Structures are given as C-alpha cells and as structure tokens.
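**Q** Give me a 3D structure for the following:
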Amino acid sequence: MSFTPAAPSAPGDPQAIPSLTPRERQVLMLLGHAAGNREISHRLGIAERTVKAHLTNLMTKIKVTSRIEAALFAYSHHGRLADRL
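**A** Model prediction:
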C-alpha cells in the first residue's frame, strides 16, 4: 500500500472572488503574472499608491497575508477571476 500526499490547496478563500471589485481583480490578475506595483500602475493607468491600496484591500478579502500568497491565489483561480471581468 502506498501513500500519495494530497496536492496542497491554494492559499486564500475562493468564495471571496465575487466580493472583489473589477479593479481589484485586474490588479490581482496582473500580480499573478508576476507584475510589480510599478508595472501594474503603468498598465492600469493608476498611481502606485493606488495599487498598494487595492492590494491591501484584496488581500484582506481573499484572506491571504503576503503578496506571494496573493499571486499563488491569482494563478490558481485565474479562470474564475477572468470570468468576472
């Protein structure tokens, strides 16, 4: 008998996706593609300070504590995030 460990689940709460604003979803998706705050601000035409505010808000909503966890969440749930844009 062999034991196969379960694949680790993505961090965060996918049930929170509907609570994200369209802009928070855009920021999260760009973060999932490894974009930094400066690149996100340029691509969306917003200030870096605004990007930071969106990141803080969305991280609270999806229940992650780090930028890495948020990026992993975005990567894991890309399809659900994109469907809501």
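**Q** And the contacts of the helix or strand where residue 26 lies?
**A** For residue 26, the enclosing helix or strand under DSSP states H and E is helix 22-32. With contacts defined as Cβ atoms under 8 Å, 6 or more residues apart in numbering, helix 22-32 is touched by 17, 20, 39-40, 43-44, 46, 51, 54-55, 57-58, 61-62, 67, 70-71, 73-75, 78, 81-82, 84-85. Glycine gets a C-beta too; all of them are placed from N, C-alpha and C.
**Q** rerun that using 10 Å as the cut-off
**A** 17, 20-21, 35-37, 39-41, 43-44, 46, 50-55, 57-59, 61-62, 67-68, 70-78, 80-85 (Cβ atoms under 10 Å, 6 or more residues apart in numbering).
**Q** Of those residues, just the buried ones, PyMOL syntax please.
**A** Of these, the buried ones go into a single PyMOL selection, burial set by 16 or more other Cβ atoms under 10 Å:
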select buried, resi 17+20+35+37+40+41+44+46+50+51+54+55+57+58+59+61+62+70+71+72+73+74+76+77+81
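**Q** Now, the contacts of helix 22-32 that are in strands?
**A** The members of the contacts of helix 22-32 all map outside strands under DSSP state E.
**Q** other SSEs contacting the worst-scoring helix or strand of the chain on mean pLDDT?
**A** The helix or strand of the chain with the lowest confidence, counting by mean pLDDT, DSSP states H and E, is helix 78-83 at a mean of 86. Helix 78-83 sits against helix 22-32, helix 67-76, with contacts defined as 3 or more Cβ pairs under 10 Å, 6 or more residues apart in numbering; DSSP states H and E.
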